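[1] Have a look at this prediction, sequence included:
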Amino acid sequence: MKAVAAPAPGLRANTASQHNRRMPILKENQAPRGLRSWLAPMILAVCGMVASAIPAGADASDIPAGGRSLFDIMTTVVSEDASGESARLEVPFPFERLRALIKKAGGLSDADIAETLIPLGRSLQRRAAAPDYFASPRRVLGVIAEPPEADPATTLVLKDRLFIGHQPRTESLEVISFNEAAGRFEFQIVEDYAPGKVPRVRQARRALCLGCHGNGGPIFPEAPWSETPAHPAIAARLAKVAGAPPPDPATIESNRRSAAALYRSVGAANRLSHAARYWRIACTDPATRQSCRSKLLKSISIPTGHDPTSDDHGKTGQDRADIEETIAAAQARAWPEGFTIASPFIADINPLATLDAKARDLADPLNERPALAVLDATKAEDVDRIIALLRDAFTARHVAWLRDVLREREPVQAASPAALGPPPANWCCAPHDKLPPPVGAAPRTVPLVPGLSIEPGPAHPSLQAFHRACGACHSSMSSMPPNFLHGTSIRQLRAITECAPRISLRLSQWRARDGDASTAMPPMPPPRHLAALGQTPENWLASADFRRISRFAAALAAPADVPLDGIKTNKPVCAPLAK
């Protein structure tokens, strides 16, 4: 029998009859002849996003249509006993042990990981440490580099694909990590992340996340990153609470470099998210799907600015013309106004400064942000940018490998037929079939008061409308965002009454936006939330639900007695409006 090492502190102990191994250990695939076995899983990972039949709307679902997040793969522990293998997720505690696992999983050094602290930020956890914000700042980590010496046979590609926020007061982690097979970032929560507890991983409510994370990836402030220790006053406050001396200029500069590294990594992560969207949607025409995928896959081996008349590695002017034709056809079918690259960056604010209401509203992450670019396939320079974007879905070693394949064998279908078809069910890195299925977000509340319940039984029409429009974000146990749709119907109606002035104001912003797009305050539901549901602002404004909840909230906000007067919630649900 194999010897069993003592479990590390904070992890569950296994029985003596079991043997554990921590993933990732990249599984060898039965790759086509000519593919390097260590790289085949990685190329199949990207081709998974190309070839998988992702159902319409699946990208907005909490549970991925396929694959698992890199965080899941990294924290997988496989147990072997007489009955065979089983797998589970084990998240090391404390945070330094998790950081050590990240380094091991990616073959990383400390320089390949960037961190910063945000005591007064704009995440959903922004009030968790109140009133001692500087005693429990939110810790934000991202993998910013892929060292060339990392062994690709035993390490995961985590660069720009893994971001973690840790707020000790909530005993939780917020994780954004890429799912290679589904071609999207997963939003996950680790609960019970505290001494003496067993951390539990679940999927976050994606609709809630997409309100701010509109690209389906991480977001970060613009320079000069005044919410972080890159701001001398923030650094000084953090040092004072920690009992440390005031930071010197070298420390401030180091803090600034860390924030800048995270900023660049967030930008790269969102390019990856856009690239995945392009791969997933560009080749949906059944008549041309196979050739479209082949040409797009071939296009990533062409350097940006490539001379279309050259004959480098067999890429002739005709090859380039075919690629341009494919990209133009994809635009005509899917993005007639051009492929939009939306910004993942939110406005910088100084949280220690006194801001007026408009400045606060403009800095709200729920606000729509201007596009970084709209790529038009009729312009040669934009075709190069689209090709460069497609290349962003691959690491540098993927691209180098593909160029070698294309040099040795044409067309690409002959070299990698598996890559152009559906990926293997167990394509990479962890035994997904042995892992328990992803755990979804907590189910929505089911009100208990007869006659006012949402389901089952007689339904209160206004509450039903609220749940359809707002339930994805406001019906959880968490107090952020305000959970005015949580609990019994009587509690919900009381909470809506309390929040009615704010609800009415946010709903009115849709009318203000309809006449003046420059309005600073983001409307509710957020535009990106509607987009994730496949609904347009025009349809929302014309809907019966919009009319019903607007009238209902306005009536409750009026200075008159309401039937529920005297029924109190345990604590305030909505902060009062600023004067």
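    Yes, it's here. Keep in mind that this is a model prediction, so the values were computed, not measured. Residues are numbered from 1 along each chain as shown.
[2] does residue 188 have beta-bridge partners, and which?
    Applying DSSP bridges to residue 188 gives these bridge partners: residue 175, residue 203.
[3] That one touches residue 205, doesn't it?
    No. Under the criterion of C-beta atoms under 8 Å, residue 188 makes no contact with residue 205, lying 11.0 Å away. Glycine gets a C-beta too; all of them are placed from N, C-alpha and C.
[4] The two: which has the busier surroundings?
    residue 188 (24 against 21; other C-beta atoms under 10 Å).
[5] State the distance from the more buried one to residue 339.
    Separation of residue 188 from residue 339 (C-beta to C-beta, to the nearest Å): 28 Å.
[6] ditto for residue 487
    Taking C-beta to C-beta, one finds residue 487 at 43 Å from residue 339.
[7] the more surrounded of these two?
    Higher neighbour count among residue 487 and residue 339: residue 339, with 23 against 20, using other C-beta under 10 Å.
[8] Confidence-wise, which helix or strand of the chain is lowest on average?
    helix 412-415 (a mean of 39; mean pLDDT, DSSP states H and E).
[9] mind exporting the helix or strand just after that one as PDB, just the C-alpha atoms?
    With elements assigned by DSSP states H and E, the helix or strand that comes after helix 412-415 is helix 461-474. Taking Å, rounded to 0.1, in the frame of the first residue of the first chain, the C-alpha atoms of helix 461-474 are listed here in PDB:
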ATOM      1  CA  PRO A 461     -48.800  40.600  -9.300                       C
ATOM      2  CA  SER A 462     -46.500  43.400  -8.300                       C
ATOM      3  CA  LEU A 463     -44.200  41.100  -6.400                       C
ATOM      4  CA  GLN A 464     -44.100  38.700  -9.400                       C
ATOM      5  CA  ALA A 465     -43.000  41.600 -11.600                       C
ATOM      6  CA  PHE A 466     -40.300  42.600  -9.100                       C
ATOM      7  CA  HIS A 467     -39.000  39.100  -9.000                       C
ATOM      8  CA  ARG A 468     -38.800  38.800 -12.800                       C
ATOM      9  CA  ALA A 469     -37.000  42.100 -13.200                       C
ATOM     10  CA  CYS A 470     -34.900  42.200 -10.000                       C
ATOM     11  CA  GLY A 471     -34.900  38.800  -8.400                       C
ATOM     12  CA  ALA A 472     -31.600  37.600  -9.900                       C
ATOM     13  CA  CYS A 473     -29.800  40.200  -7.800                       C
ATOM     14  CA  HIS A 474     -32.000  41.200  -4.900                       C
END
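[10] which regions of the stretch 201-350 of the chain lie under the pLDDT threshold?
    Low-confidence segments of the stretch 201-350 of the chain, defined by pLDDT under 70: 302-318.
[11] what helix or strand does residue 497 sit in?
    With DSSP H and E as the test, residue 497 turns up in helix 489-515.
[12] Can you give the distance of that helix from its chain's centre?
    Mean-position distance between helix 489-515 and its chain equals 28 Å (C-alpha atoms, centre = their mean, to the nearest Å).
[13] Check which residues of it are buried.
    489, 491-510, 513 (16 or more other C-beta atoms under 10 Å).
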